[in-house]
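Trainee: how does the following fold in three dimensions:
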Amino acid sequence: MLAQVLEELFPGEPYTSSDGTLENVVFENKNIIKPKDDIYERTVHILTNVEAFKKMREERNALLEQSDKYMMPDYPHPLEQDIQNWKDYRFFLRILPLTALPTLGEDGQLENVEWPDQGEIAKRATGTPPPPI
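Mentor: I've put the predicted structure just below:
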């Protein structure tokens, strides 16, 4: 897995490791600093949960598309603060791939994703509760 992670983080950069561990990685290019453990572990998670990340992005993209209309300048927001609330909601959707560590449960459903809450702003915008995720 070490080789896959380093190729993902530093494509084509040659390195050696005396015992095959991250701790002993030395890059030929002395300007490259070996990744910290948390970056390494996150990259391992991404590489071993490709389908979960794909599914999360698909669901995230659908939620962004559903909320596009609320960003139109002429959308009649009941409260001025709702505009910023929708921007914040959409921002948190956009950064999910950087913050979440999704996995797929035995049933194929996403797990370990904390979706942002559109709650009250969606109720005011549509007059109905938000759809379940």
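
Trainee: other residues contacting the helix or strand encompassing Phe53?
Mentor: According to DSSP states H and E, Phe53 maps onto helix 50-67. Under the contact criterion CB atoms under 8 Å, 6 or more residues apart in numbering, helix 50-67 has outside partners 46, 86, 89-90, 93-94, 96-97, 100, 102-104, 110-111, 113, 115, 118, 131, 133. For glycine as for every other residue, the C-beta is placed from the backbone atoms N, C-alpha and C.

Trainee: any chance of a ChimeraX selection covering the buried ones in those?
Mentor: Only the buried entries of the contacts of helix 50-67 go into this ChimeraX selection, using 16 or more other CB atoms under 10 Å:
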select :46,86,89,90,93,96,100,102,103,104,110,113,115,118
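
Trainee: so for the helix holding Phe53, mean pLDDT?
Mentor: Mean pLDDT, computed over helix 50-67, is 97.

Trainee: and if you look at stretch 97-112?
Mentor: On average, stretch 97-112 scores 96.

Trainee: any buried residues in the helix holding Phe53, and which?
Mentor: Counting neighbours by 16+ other CB under 10 Å, helix 50-67 gives Ala52, Phe53, Lys55, Met56, Glu59, Arg60, Leu63, Ser67 as buried.
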